[in-house]
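Fold the following for me, if possible:
(2 chains)
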Amino acid sequence: MSFEGLPKGSTDGRRSPLESIYLWEVVKGLAVTGRHLVHNIFHTGEMPTMQYPEEKRVYGERFRGRHRLMQREDGTPRCVACQMCSTYCPADCIHITAAEHPDPAIEKYPATFDIDLLRCVYCGLCEEACPCDAIRLDTGIYEIAADSREKFVVDKEFLLNERTRGTR
Amino acid sequence: MAIVLESLAKIVFMFLLIMGMVPALIWAERKGAAYIQDRTGPNRAGIGGVRLAGLVHPIADVLKLVFKEDVAPTHRHRALYALAPWLVMTVAVSTYAVIPFGDFLTLGGHTYKLVVADLQVGLLYVLAVASLGTYGIVLAGWAANNKFTFLGGIRATAQMISYEINMGLAIMGLMLVFGSLRLTDIVAGQGGLLFGWLPMWGVVLQPLGFALFITSVYAETNRNPFDLPEGESEIVAGYHLEYSSLKFALFFMAEYCHMVVGAAMISALYFGGYQVPWLPRPMLEKHAGLLLQLVLGLTVAASLLFAVLFLRRVQREKGKFGDARDREPVLGAAFWLVVALAAAGAFALRPGDIGAAGASIFASLFQVGAFVGKVVFFAWLFIWVRWTLPRFRYDQLMRLGWKVMLPLGLANLVVTALVVALVGSGK
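Residues are numbered from 1 along each chain as shown, chains lettered A, B, ... in the order given. The predicted model follows:
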């Protein structure tokens, strides 16, 4: 029975006598589900289910994961504390305290650089706003879990270290 | 004293059968639903790495429910609120008293009937107790003092009244055919053959009655497509909405107990109960030695097959998880090899000649096995139907009950009565 042929509202009177008995249709339905069941018992490997902690989905290169702060060659942050990212941030999750940089050519550096990962919506606008390419969302880290809210607020040292995963 | 012990033994057996089937059915429900929907289903919980394809999950579920906080509404009716889940559970288990799970067992010169209570009015007892189950649901809905639970309770009442009648009519047809209300008589009456080749089961003699009965049983057990009292898409969780922790677990278990009882009713009334088709009791006793050897041989073959499957898994997923779960295929293979060895070792005890007493015991156990097998199949049918059919709308439910099934049930009764009057009953 195709959906196009159905009248609006009730479908009474459009069923064949066999269909209106309903029992035969139940048997047909049972056959459909039974086929799936038997097929899946003998082909467990073909199921689309992903056994998550053991298997992980491969995301594209442009996937926006957790942020990281880029470093200069001497290991200090590239960030010049211009506040562009925190101004642009729609979730208001970046908090920067600027301080004077010893090198007069650089002017400022972030004394603190905190990101509240619970507030972040991973839109990537901070990445686009940054004039120095100092913040990137290219880590591919999406397993972010902690047992307290405080641990979701990550600081400068955490974001600068390329090997840290997840939260604090 | 002896009769008390005998009854106690039977009650314990029945209770263990039902209670043992509940976790197995919960597992079958979850795993079966998953496989029907192309998912893997539960496979995480394990004891020392042994996960039994998710069979450990019911244990984890029960532990979780036992230790959860019992959240109860402050505006409840205290006594009834506490009583309702126990009432549902007790009623679910007590239907079982009259259903024969085997013919008889001769042990040391004594012959025991394999039924807890062989009531003369067995079918009436079943109907009476089955309708008592509604009280638990209605009380739960009323005592929780919540509009959704109340609606669930009302739905349960209306549904039960509508389908109890159809169930009674279907059973009356059966009663006419077998000329008795005693369940042991009805099951014993299904042992013969019709036209020399067709097993004289209730479903053959009363096909329409069977269709009406199985539909009513699904409605009585509140299972899909008739689980409107629960109706989570309309009334949240229906009658058990305000229950949590162990009280909720009782409702949950009662649903599965109802399923087992419903399956037992279907197989006892319409599928010959403990009767093995084409193998009546004298034949079973005569060929007991051969059959025992056949059963043992099949056990050996099946366990070897399982062992081979597990050994293939051992090879395929060597160190796949890197934890205790890697032991599972090895343990599985070892287990099935031990079973195969034990079954093969039993051949050394010469099962071919077990003597007359042994043959009688074997025949009884074989019949109990046949009954349990039928119950397992129909319990699985409950699950299968649940994951196949959508839920009825309420007006559809009422129309089916009163406008379709009631006239059909009456017609079935009249036709059966005419045939019995003209041809004679099935006895």
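
Run through the residues that contact residue 160.
Went with chain A since none was named. For A:Leu160, the contact set (Cβ atoms under 8 Å, 6 or more residues apart in numbering or on different chains) comprises A:68-69, A:71, A:75, A:77. For every residue, glycine as well, the C-beta is placed using N, CA and C.

that answer is for a different chain, and I need it for chain B
Counting by Cβ under 8 Å, 6+ apart, B:Met160 has contacts B:131, B:134, B:219-220.

please redo it, this time with the cut-off set to 10 Å
B:130-131, B:133-135, B:137-138, B:167, B:216, B:219-220, B:222, B:229 (Cβ atoms under 10 Å, 6 or more residues apart in numbering or on different chains).

ok, and the most crowded of these?
Neighbour counts for these peak at B:Ile137, which has 29 neighbours (criterion: other Cβ atoms under 10 Å in any protein chain shown).

isn't that residue right up against B:Tyr239?
Yes: shown here, B:Ile137 and B:Tyr239 form a contact pair, counting by Cβ atoms under 10 Å, at 4.8 Å.

Give me the residues contacting stretch B:41-54.
A:40, A:44, A:47, A:49, A:51, A:53, B:26-35, B:40, B:55-61, B:63, B:321, B:323-328, B:330-332, B:335.

distance between the ends of that stretch?
From its first residue to its last, stretch B:41-54 covers 8 Å (Cα to Cα, to the nearest Å).

same deal with stretch B:140-150?
End-to-end distance (Cα to Cα), stretch B:140-150: 8 Å.

Tell me which residues are up against that stretch.
B:72-85, B:87-88, B:137-138, B:151-157, B:229, B:231-232, B:234-243, B:247, B:251.

Now do the helix or strand hosting B:Trp384: distance to the chain's middle.
Using DSSP states H and E, B:Trp384 maps to helix B:355-386. Relative to its chain's centre, helix B:355-386 lies at 11 Å (Cα atoms, centre = their mean, to the nearest Å).

Please identify the buried residues of it?
The neighbour-count check on helix B:355-386 (16 or more other Cβ atoms under 10 Å in any protein chain shown) flags B:359-364, B:366-368, B:370-372, B:374-376, B:378-386 as buried.

Could you restrict those to the ones contacting chain A?
B:381, B:384-386 (Cβ under 10 Å from any Cβ of the partner chain).

Quick check: B:Leu205 touching B:Val419?
Yes: B:Leu205 is within contact range of B:Val419, at 9.4 Å (criterion: Cβ under 10 Å).

just checking, what's the longest helix in chain A?
If you go by DSSP state H, chain A has its longest helix at helix A:23-42.

got the contact list for it?
For helix A:23-42, using Cβ under 10 Å, 6+ apart, the contacting residues are A:1, A:15, A:18-19, A:46-47, B:31-41, B:211, B:214-215, B:225, B:381, B:384-390.

Secondary structure element for B:Tyr112, which one?
Short version, using DSSP H and E: B:Tyr112 is in strand B:110-113.

Report the distance from that strand to the chain centre.
In terms of Cα atoms, centre = their mean, the gap separating the centre of strand B:110-113 from the centre of its chain is 25 Å.

Next: stretch B:377-392.
13 Å.

same deal with stretch B:306-314?
The mean C-alpha position of stretch B:306-314 is separated from the chain mean by 31 Å, Cα atoms, centre = their mean.

got the buried residues for that stretch?
For stretch B:306-314, using 16+ other Cβ under 10 Å, the buried residues are B:306-307, B:310-311, B:313-314.

Confirm for me that A:Tyr142 is in contact with A:Tyr52.
No: A:Tyr142 is beyond contact range of A:Tyr52, at 11.7 Å (criterion: Cβ under 10 Å).

Between these two, which is the more surrounded one?
Per other Cβ under 10 Å, whichever of A:Tyr142 and A:Tyr52 has more neighbours is A:Tyr142, with 14 against 9.

And for the closest residue to that one other than its chain neighbours, the neighbour number?
Using Cβ to Cβ, 6 or more residues apart in numbering or on different chains and skipping the chain neighbours, the partner closest in space to A:Tyr142 is A:Gly65 (5.2 Å). Neighbour count of A:Gly65, defined by other Cβ under 10 Å: 16.

With B:Gly191 instead?
19.

likewise B:Leu296?
By the criterion of other Cβ under 10 Å, B:Leu296 has 18 neighbours.

What is the three-state secondary structure of A:Asp114?
Of the three states, A:Asp114 takes strand under DSSP: H, G, I helix; E, B strand; the rest coil.

Name the residues of chain A found near chain B, please.
A:20-23, A:25-41, A:44-51, A:53-54.

just to revisit the earlier point, filter the contacts of stretch B:41-54 to the buried ones?
Among the contacts of stretch B:41-54, the ones that count as buried (16+ other Cβ under 10 Å) are A:40, A:47, B:26-35, B:40, B:55-58, B:61, B:325, B:327-328, B:332.

now, which of these lie within helices?
A:40, B:26-35, B:57-58, B:61, B:327-328, B:332.

by contact count, what packs against whichever helix or strand comes after the helix holding B:Trp384?
Downstream of helix B:355-386, the next assigned helix or strand under DSSP H and E is helix B:394-399. Where contact means 3 or more Cβ pairs under 10 Å, 6 or more residues apart in numbering or on different chains; DSSP states H and E, helix B:394-399 is packed against helix B:147-178.

Can you give me the buried ones in the helix it packs on?
So for helix B:147-178, counting by 16+ other Cβ under 10 Å, buried means B:148-160, B:162-178.

Strands of the chain, start to end?
As the question left the chain open, I've gone with chain A. A:68-69, A:94-100, A:108-116, A:135-136, A:153-154 (DSSP state E).

should've been chain B
Going by DSSP E, chain B shows strands at B:104-107, B:110-113, B:193-194, B:198-199.

These: which one's closest to chain A?
strand B:198-199 (20.3 Å; Cβ to the nearest Cβ).

residues of stretch A:92-100 that come out buried?
Those would be A:93-94, A:96, A:98, for stretch A:92-100 by 16+ other Cβ under 10 Å.

higher neighbour count, B:Leu205 and B:Val419?
The neighbour comparison of B:Leu205 against B:Val419 (other Cβ under 10 Å) goes to B:Leu205, with 22 against 14.

nearest residue to B:Gly189 other than its sequence neighbours?
Using Cβ to Cβ, 6+ apart, the nearest residue to B:Gly189 is B:Phe178, at 4.4 Å.

wait, the one you found sits on B:Gly191?
No: checked against Cβ under 10 Å, the pair B:Phe178 and B:Gly191 is beyond contact range at 11.4 Å.
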